Structures are given as structure tokens and as C-alpha cells.
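Asker: Predicted model follows, preceded by the sequence.
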Amino acid sequence: MTATADSPDDLAALLTEEGQALLEVLRDHDPAQELALATRLRRDHPAPLVSAALAQARLRQRAAAKFGEDARRMYFTPNGVEQSTRAAVAEYRARRFAALGVRRVADLCGGIGGDALALARAGIEVLAVDRDPAACAAARANAAALGLSGLVEVRRADVAEVDTSGFDAVFVDPARRGGRGGRGRIFDPEAYSPPLSWAVEAARRAPFAALKVAPGIPHEAVPEEAEAEWVSCGGDVKEAVLWFGTAPGARRATLLPAGHALPDAAHPLPDAAHALPGAGHSLLGAGLPDPEPGPVGRWLYEPDGAVVRAHLVADVARQVGGRLIDPTIAYVTADSLVPTPYASAYEITDVLPFNLKRLKALLRERGVGVLTVKKRGSAVEPEEVRRRVRPQGPNAATVLLTRVAGAPTMLVGRPAGTG
């Protein structure tokens, strides 16, 4: 039988002395040499144990992108790797809980324990609940491996049966993937497991709560009493979180660097745009109307995806003294450069109607061989543009495919500070 790395029995075997020795041998194994390595290891170890160790080693390598060096000591299931919160995001959220004075959290749908570990590292006691026996086994093993067992209790149960009345806060991370292997994304919040409506009711019974949801959640699905926060990490939008007990009706965009971000637990989040006490930035919306569109100026600002999802483009436009290039496009333009952490800035050299032949001629004239193509509001794919213009030469340029005043347009320029 092939090991799938999602069996509690497999994990128990890996926690033995022999299993630990195998995992150490596989610590830096090369997947390309796996067959030969497996054949050699099976001469001295039971085949099922070798298969389980190899499966776990593969999962650890995949998990390194989310958990960094901790992944080498942790234990995973396939679904756990896919669905776990990135460590930097979990650490940020844990610090936010700590800043609220939270000392005990019920982590419902805790999975392999990624969020529970971050909460424990912030000094918070955690009850991690999940109905998957393999996930619970991994969560226990992870708490032990990282020296956090004293703060993390793992319980296998249906989250609906857990009494959360003695906790300062509830954190719910419903499953948002379905189908075979849990790989199909679910977009309807009521199709989450458990449904969003159940999670909201659980949140309302606690002093504080955070519900992790897909970043594409419609704004109209956000309860009135919740603060909605969209979080990006390293420029990629990772999740949205509905906070209860903080700022009802608020909308926030939080940008974290690709590495770990640990704002100081002694400082709550700011009420407006502000650098976090540790790393990253958080922008609280002021409820501004969209600015009027106008002509493309010298500078173009591309707001971070979390800003766009949170509908805070107008707040960025006010920061930089800018305007929209089109009522339906989340690009801001201005006549002067005002640095902001919430958007990438580009110096625009050319504003052209969409015409790839004309673009090809312009790039050839300027010797552009390194071409970055971005798009917003255009049906044309960047790969198609690069294929058709065939850039050649020593220089670099950025082309933004978009609409200006409703017309398909090409904006040619370069990132701020590279000119």
C-alpha cells in the first residue's frame, strides 16, 4: 500500500526512533534521486516506513515556502500543506490577538496547527480543534517539535460541539477547498466547511473573533459588525479576515513582507495608514468616494492587491494626490512622485492607443530586450504581447495594458527609481 502521509499510523511510525532516523537521512534529499534512495533504504527498513518517510520529506519541502526552516521539523498532511496559513501571516494575526489582550483562543478547524503554533509563540494558550484525525496527530507532533505543547491543546472533535464560553477569542478557518484531495476552491461562503453563517454566530458569542475567508469574498457578504481585513504577503493577496470586537464596519488592507512580520504585541493597529511596529504596513479605510478620473500624468501607481480587494484605492489616491485613469480601473495617476508603501509607482514615458505593431516598433527603436508586461482591464495576455513584439536589446521597459477613459491603451514606462 502506498503511503499518503495523511494517516495517523504513518505519523506514529515516523515519531519512533527509527522513523526519526529516516527523516534525518531524507532531510535534504534530492527528489530526482528518490527512486534509488528508496531502494537503498528499503534494504534496512520496512518498506511502509520508508514510503511514509519519503512522503513526509516531500511535504516538508513543499511546506518550506510557507513555514521556512520550521518545515524541517514539522509534520504535514497533503491538505495541511495546501490549506495552512503562511507563517508570516499567522504570526501577524497572533500578534494582533495579543495586542487586544487575548490570552486564550479556541482555534476551530485548526488543521495541522499552523495558526495554533503562531498563537502559542505570542504567549497565547490555544485549544486547537479539528475533526480530521491525521491533522490532529500532526498538530500535536508539531507543537511538541517546536516546544509549544505547554500552550497548545489539540482536540479531535466537531467544532459545533465545542464550548467556547471560557475563551477570550475564537479563530475559525473553514475549509475552502472541495473535491478530490481538497484542491477545488470554493467561492460561496455558505459552502465552506463549516459555513460562514455558522462561523459568524460562533464569533458573536466571543469577546473577540477572527474568521479567515477567501480574499474574493463579496463585500456585501461581510457582516455589518465585522472589520474586514485583506492581507497580502510579499505582494500576493493571501486571505481576508473578518474581525469581531475591533472596528465594526471598517475595511483594512495589510501588507506584509515576504519574510516574517512581527508587530509588537504592546501596540494595537493604527487607525489610519501606518507602518506596523514590527514590519509591514496597514491602511484603514476612511470611507472616501472614488476620485474623478483624469488624464495620465507622469506617474502611475499600481495599488497592492490587498488595497484593491479592500476597495481602498481612493485612500491611496488621496495619499499621492492622484486621480483614476478610468472609473473602472484600479490605476492611479499623478503629476508628481509621492512614495507610498501601498502601491508600486511607474514613470510613464508614452501613452499609446493599443497597437502591438506600434509597440514593437517603439521597443525596437529604444533597444528594449527586457520587457515586463502588466495588465489591468485588458483581455490581452502578457505572454501574447511578449511573443508578438519579440523584444531585443540591452534596455528594459514596462508596458501596462489597460483602459484610459474607456479606450484600450498601452502605457510604457519604468518602475520608479530605475531611470
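Answerer: Structure received. Residues are numbered from 1 along each chain as shown.

Asker: Going by residue numbers, what spans are helices in the chain?
Answerer: 8-14, 17-25, 34-41, 47-67, 78-83, 87-99, 114-121, 133-145, 196-204, 305-309, 313-320, 356-365, 382-389 (DSSP state H).

Asker: then the second one to CSV, C-alphas only?
Answerer: Below are the C-alpha coordinates for helix 17-25, written out as CSV (Å, rounded to 0.1, in the frame of the first residue of the first chain):
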residue,chain,number,x,y,z
GLU,A,17,13.5,6.3,16.8
GLU,A,18,13.7,4.5,13.5
GLY,A,19,11.3,6.9,11.8
GLN,A,20,13.2,9.9,13.1
ALA,A,21,16.5,8.5,11.8
LEU,A,22,14.9,8.0,8.3
LEU,A,23,13.6,11.6,8.3
GLU,A,24,17.1,12.9,9.2
VAL,A,25,18.5,10.9,6.3
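
Asker: how distant is that helix from the center of its chain?
Answerer: Here helix 17-25 is found 32 Å from its chain centre; the criterion is C-alpha atoms, centre = their mean, to the nearest Å.

Asker: Likewise for the shortest one?
Answerer: Centroid displacement of helix 305-309 relative to its chain, using C-alpha atoms, centre = their mean, is 12 Å.

Asker: likewise the third one?
Answerer: Between the mean C-alpha location of helix 34-41 and the chain-wide mean there is a distance of 35 Å, by C-alpha atoms, centre = their mean.

Asker: by contact count, what packs against that helix?
Answerer: For helix 34-41, the elements it packs on are helix 47-67, judged by 3 or more C-beta pairs under 8 Å, 6 or more residues apart in numbering; DSSP states H and E. For every residue, glycine as well, the C-beta is placed using N, CA and C.

Asker: what's the answer for the longest one, then?
Answerer: For helix 47-67, the contact count by 3+ C-beta pairs under 8 Å, 6+ apart identifies helix 8-14, helix 17-25, helix 34-41, helix 78-83 as packing neighbours.

Asker: If we go by neighbour counts, what in it is buried?
Answerer: Residues of helix 47-67 classed as buried: 48-61, 63, 66-67 (neighbour count, 16 or more other C-beta atoms under 10 Å).

Asker: Likewise for stretch 139-159?
Answerer: Within stretch 139-159, the residues that count as buried by 16+ other C-beta under 10 Å are 139-143, 145-146, 148, 151-156, 159.

Asker: which stretches of the stretch 201-350 of the chain form strands?
Answerer: All strands of the stretch 201-350 of the chain, identified by DSSP state E, counting those that start in this stretch, fall at 208-213, 227-233, 236-244, 251-256, 274-275, 281-284, 299-303, 323-324, 332-334, 343-353.
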